[in-house]
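Undergrad: Requesting a structural model of the entry that follows:
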Amino acid sequence: MDRTLPLFKLLTVFLLAFSLASVTGLKSSHFQLPSIQPANAITQTPCHVSLSPGCSDYWVPAGAAEDIFQATIFTDEASEFTNVQSTTPNIDFTDSPLTPDLTGPFTTSSNFQITSTISEAGYYEVQFMLAANFWGCSMNFGNSTCGVQIRQGIAHMIDTAKFAANEASIAGQAIALDDPVPSKNVGELSTANPCAWDASFPEGGTNCIVGAPGGTAYHLANATGADGFPWLRAPGSLDLNAAARHFVNAGVATGFNQTTSVLTGIASTALSNPVSFLNWLGQTTAQLNLHNGLSAQICLSNQSRRCATDLLRRLQHFHHHNNQPNLGNVHCIVSES
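TA: Predicted coordinates:
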């Protein structure tokens, strides 16, 4: 088989290719081939935000990123404020508003930048577990008659207007609310007339109007105070006796002492279905104090041993964690007869 011709053709191709490589063609002064700017990896080191030159912290196509995330958990707002005021704080800002006693030190210190006073479109409250059983009364998700009686009775136990005005952590910075609508709400909705909400103890007076001031609901008279707290209802007061009457209407007891507001004839179902008062980490000092005040007032009327034990535990927390005086004798009578 003769391979001369294929070899000749291959040699011809190579010669032609080399000859073309040596030919000088016409060049345009505007002729450019497409090119890609090479990307170089930059060694990042932790740095403060700097737009130019240097790094601007870590960024990836999806946004900001970090190698390490370290969180500091605080059990309450008091410990958070203590930390941020220390010489080596773990945080740069807080998620709680300044309390009245801290406004002065923070605004005069050069270490902090403080906003002007603004109204918060929110509110704080004590909540009921409406799937629970309160002293033998099923709340039935808010639909039971006895549950309404119990909740209305508890509403009479605190003078909310006096609480807002006298509770040290919010004094001068808060107002009472009768319904779950912030004072600075969208559309500036007027508050409802609350004077007929309690059919057992309807109210009258100049505040019984649409747009009534907060603290009008479940308020038969101004609180005269108890155990050193001006917003607690005193034993034998109109409102604490109204609370006791509501508890009787709910079937918790058969009667109450008009002088002490203490329930009598506690039902066996109430003794076998005690109520737990729970506070949670992260709540404000004002919420905790409101919670403890309600616990104290409930234990004034309800003679459950579990209630008394629960109160003593919370009073201890009240005293040690909030730098407030102990509630002392809250008339929590322990009896199971």
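Undergrad: can you pull out the strands in the chain?
TA: Counting by DSSP state E, the chain has strands at residues 59-60, 63-64, 133-134, 137-138, 255-256, 263-264.
Undergrad: among these, which is nearest residue 200?
TA: With distances scored as Cβ to Cβ, the stretch of the strands of the chain nearest to residue 200 is strand 255-256 (13.8 Å). All C-beta atoms are positioned from the backbone trio N, CA, C, and that covers glycine.
Undergrad: Please name the strands paired to the closest one in the sheet, noting orientation.
TA: Taking DSSP bridges as the criterion, strand 255-256 pairs within the sheet with strand 263-264 (antiparallel).
Undergrad: hmm, back to that, any idea which of the strands of the chain scores lowest on pLDDT?
TA: Comparing mean pLDDT across the strands of the chain, the lowest value falls on strand 59-60: a mean of 60.
Undergrad: hang on, the earlier thing: with distance to residue 113 and mean neighbour count added, can I get the strands of the chain in JSON lines?
TA: What follows is the strands of the chain, written out as JSON lines (distance: least, Cβ to Cβ, whole Å; neighbours: other Cβ atoms under 10 Å):
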{"stretch": "strand 59-60", "distance to residue 113": "26", "mean neighbour count": "9"}
{"stretch": "strand 63-64", "distance to residue 113": "22", "mean neighbour count": "8"}
{"stretch": "strand 133-134", "distance to residue 113": "47", "mean neighbour count": "20"}
{"stretch": "strand 137-138", "distance to residue 113": "51", "mean neighbour count": "20"}
{"stretch": "strand 255-256", "distance to residue 113": "54", "mean neighbour count": "16"}
{"stretch": "strand 263-264", "distance to residue 113": "53", "mean neighbour count": "20"}
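Undergrad: and residue 188, which of the ones you listed is closest to it?
TA: Going by Cβ to Cβ, the one of those nearest residue 188 is strand 133-134, 35.8 Å.
Undergrad: burial count for residue 97?
TA: Using other Cβ atoms under 10 Å, the number of residues around residue 97 comes to 15.
Undergrad: sorry, that was for residue 151
TA: Burial of residue 151 is recorded as 17 neighbouring residues (other Cβ under 10 Å).
Undergrad: what's near enough to touch it?
TA: With contacts defined as Cβ atoms under 8 Å, 6 or more residues apart in numbering, the neighbours of residue 151 are residue 128.
Undergrad: With respect to residue 276, which of the strands of the chain lies nearest?
TA: Residue 276 lies closest to strand 133-134 among the strands of the chain, at 10.3 Å (Cβ to Cβ).
Undergrad: which residues are contacting that closest one?
TA: For strand 133-134, the external contacting residues (Cβ under 8 Å, 6+ apart) are 139, 147, 150, 273, 275.
Undergrad: hmm, back to that, would you mind reformatting the strands of the chain (as a markdown table) and adding columns for distance to residue 214 while you're at it?
TA: As requested, the strands of the chain are exported to a markdown table (distance: least, Cβ to Cβ, whole Å):
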| stretch | distance to residue 214 |
| --- | --- |
| strand 59-60 | 48 |
| strand 63-64 | 42 |
| strand 133-134 | 26 |
| strand 137-138 | 28 |
| strand 255-256 | 28 |
| strand 263-264 | 29 |
